[in-house]
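Provide a 3D model corresponding to the input given below.
(one chain, ligands or ions: 1)
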Amino acid sequence: MLTKKMESALNNQIEMEAYASFLYLAMASWCEQQGLEGTSNFFYRQAAEEHDHMMRIFKYILEMDGKAVVPSIDKPPHEFESVQALFADVYTHEQKVTGAINQLVELSANENDHSTHNFLQWYVMEQREEEALMRTILDKLKLIGTGPQSLYFIDKEITDINSQAASQGEEA
Ligand code: FEO
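All right, here's what the predicted structure looks like:
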């Protein structure tokens, strides 16, 4: 059984994960229009992952006899200055999600809700991995720079990172 406060906070997180899914879908669209096919595929996979993050919470609330609410989602941005700016936005967004997860963990402890506290540990790990992945990508983008062939090499690099992340996902 969830407290009303916990149920409401988890429903807010559903909205945040759903927004992330739409944001990454918008980024996939922009990348595809720029001819960055590998980067676009990376974001299609990220969008699907965020949808999974949303569904896990949705199902958990119901399993705990609570009410899972389908959120309305704000329209994400569809224009980005550059691929570098786009990944900087992603990193900032993931840091924001980590902050929200940490607050949920804190609330579950305050509410003496061991089940939700336990459930949230998966998200703590996931956020650590997502932030590390985005930092790796930002480091690579810095190394590649903004020279004439840079977009080609960036897309190639993200394609490799995406294949690795996808195969790790299959193993998990
Ligand atoms: Fe589910 Fe990337 O936050």
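
would you list the phi and psi of Gly145?
phi 80, psi -160 (degrees, to the nearest 10).

pLDDT score assigned to it?
Note on Gly145: pLDDT of 94.

count the neighbours of Glu7 for me.
19 (other C-beta atoms under 10 Å). All C-beta spots, glycine's among them, are computed from the backbone N, C-alpha and C.

and the closest residue in space to it that isn't next to it in sequence, which of the three is it?
Spatial nearest neighbour of Glu7, excluding adjacent residues (C-beta to C-beta, 6 or more residues apart in numbering): Gly66 at 4.4 Å. Secondary structure, DSSP: H, G, I helix; E, B strand; the rest coil: Gly66 is coil.

farthest residue from the center of this structure?
Relative to the centre of the chain, the most outlying C-alpha is that of Pro148, 30.2 Å out, by C-alpha atoms, centre = their mean.

tell me the pLDDT at it?
Taking Pro148 on its own, its pLDDT is 85.

with Gly169 instead?
In this model, Gly169 carries a pLDDT of 73.

do the same with the one 3 residues further on
Among the per-residue scores, Ala172 shows a pLDDT of 61.
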